[in-house]
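Student: Got a predicted model here, sequence first, then my questions.
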Amino acid sequence: MTLRPTSLPAFGVFAVAARHQNFANAAEELGLTASAVSHHVRGLESTLGVKLFQRHARGVALTDEGRSLADAANVALSDLDAAAVALNSDARQATRVRVAALHSLTYCWLLPRLSRFVAAYPRIRLSFETGIAITRFDHTGPDLAIRHGAGSWPGLTADHIMDEYLFPAASPTMTGLDTVTEAAHVANLPMVTDLAHQGWREWFRSAGVRGVRLPEMHSFTDSTDAMQAAVLGYGAILARSRIVEPYIRDGRLVRLAGPAVKARYGYYAVYPTHRRPTASIAHFLSWLRQEAARESNEMPPVHKPPAS
């Protein structure tokens, strides 16, 4: 069949509805009513002769045909967006990628490496949104997020960036550090903790230490705060290798006795499955993979107490 120009508005509405998979949210973005969105979608279904959404009591979900059309619609809209950018003299100067990430990863891993991205892509500007809240990918939200988890989130494409290892660390001036010569001795120290998926109890189990009684700990929402508390001597921390590296490098923290255990969760760059990455987003994704590949998984040496 040949599509008519009069069908284009319905395709635009459908693309937004497919991204949200929710007519009410699509209506909010478009400045329409939910019934108007539904009317556009039903008209497009009638024109094409296929059902694009399955309607059910809790909302809507794309059919296989709808998913296929959403991919094609997003490609077309991305091409139109690129053409519009090319026509705008101000936009030709720089493009922007909006990134949501944990504060700890942004501060400890991304920022120290960002100069290489800036040198390679001087026309791309990055906007960072940091926090632990689940990212909402709406029209005012980020283009992609870097999440810590198992790599599977409904409705999102997840590109694996890197894994990490867990090991205990503490300030080199912490009282009692010289008595820690094996994993079991770590349990004798005060400890701090964050909200990471894996904690001290799992690490001791992996280290073969049984029956340990963990002390009451200072707890922090953000890993950066927990590491700073460890630097100030409030306790040992179960460090994540990717974000503790600058603290180890400059001597603020040292690795304690015990194994480096591979974490169950890794870092993933995620974005809506039905939103085709722009060239600038693709460049940033490629750079993330390259940066992760630059590093080996070699762990820092274990702190050795001075000989008595």
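Tutor: Alright, I've got the coordinates.
Student: Now find how far off-centre the helix or strand where Glu45 lies is within its chain.
Tutor: In this structure, Glu45 sits in helix 34-48 according to DSSP states H and E. Taking CA atoms, centre = their mean, to the nearest Å, one finds the center of helix 34-48 at 34 Å from the center of the full chain.
Student: Stretch 235-244 too?
Tutor: Per CA atoms, centre = their mean, the centroid offset for stretch 235-244 relative to its chain is 19 Å.
Student: what does stretch 268-281 give?
Tutor: The answer for stretch 268-281 is 12 Å, by CA atoms, centre = their mean.
Student: can I get the CA coordinates of that stretch in PDB?
Tutor: Output in PDB follows, covering the C-alpha atoms of stretch 268-281 (Å, rounded to 0.1, in the frame of the first residue of the first chain):
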ATOM      1  CA  TYR A 268      25.300  -1.800  31.800                       C
ATOM      2  CA  ALA A 269      24.400   1.100  29.500                       C
ATOM      3  CA  VAL A 270      20.700   1.000  29.000                       C
ATOM      4  CA  TYR A 271      18.200   2.900  26.800                       C
ATOM      5  CA  PRO A 272      14.700   2.300  25.600                       C
ATOM      6  CA  THR A 273      14.500  -0.600  23.100                       C
ATOM      7  CA  HIS A 274      12.300   1.400  20.700                       C
ATOM      8  CA  ARG A 275      14.500   4.500  20.800                       C
ATOM      9  CA  ARG A 276      17.200   4.300  18.100                       C
ATOM     10  CA  PRO A 277      20.500   5.800  19.500                       C
ATOM     11  CA  THR A 278      21.700   8.900  17.700                       C
ATOM     12  CA  ALA A 279      25.200   9.000  16.400                       C
ATOM     13  CA  SER A 280      26.400  11.000  19.500                       C
ATOM     14  CA  ILE A 281      24.900   8.400  21.800                       C
END
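Student: tell me the mean pLDDT over the helix holding Glu45?
Tutor: Here helix 34-48 scores 90 as its mean pLDDT.
Student: for stretch 239-249, same thing?
Tutor: pLDDT averaged over stretch 239-249 gives 94.
Student: Report the buried residues of it.
Tutor: Within stretch 239-249, the residues that qualify as buried are 239-245, 247-248, counting by 16 or more other CB atoms under 10 Å. All C-beta spots, glycine's among them, are computed from the backbone N, C-alpha and C.
Student: What of stretch 246-259?
Tutor: Neighbour counts over stretch 246-259 (16+ other CB under 10 Å) mark 247-248, 252-259 as buried.
Student: Could you report the pLDDT at the nearest residue in space to His218 that is not next to it in sequence?
Tutor: Closest residue to His218 apart from its sequence neighbours, by CB to CB, 6 or more residues apart in numbering: Val192 at 4.7 Å. pLDDT recorded at Val192 is 94.
Student: Remind me which helix or strand Val192 belongs to.
Tutor: strand 192-193.
Student: mind listing what the closest residue in space to Asp222 that isn't next to it in sequence touches?
Tutor: Spatial nearest neighbour of Asp222, excluding adjacent residues (CB to CB, 6+ apart): His103 at 5.4 Å. Neighbouring residues of His103 by CB atoms under 8 Å, 6 or more residues apart in numbering: 130-131, 222, 224.
Student: Pull out the buried residues from those residues.
Tutor: 130, 222, 224.
Student: Restricted to helices, list these.
Tutor: Mapping those onto helices (DSSP state H) picks out Thr224.
Student: Between the buried ones among the contacts of His103, which sits nearest Glu182?
Tutor: Glu182 has its nearest neighbour among the buried ones among the contacts of His103 in Thr224, at 28.8 Å by CB to CB.
Student: Okay, that closest one and Asp194: tell me how far apart.
Tutor: Computed as CB to CB, to the nearest Å, the Thr224 to Asp194 distance reads 9 Å.
Student: got any residues that touch both of the two?
Tutor: Shared contacts of Thr224 and Asp194 (CB under 8 Å, 6+ apart): none.
Student: mind listing the helices in the chain by residue range?
Tutor: 8-20, 23-30, 34-48, 64-87, 103-105, 114-120, 200-206, 223-231, 241-249, 279-294.
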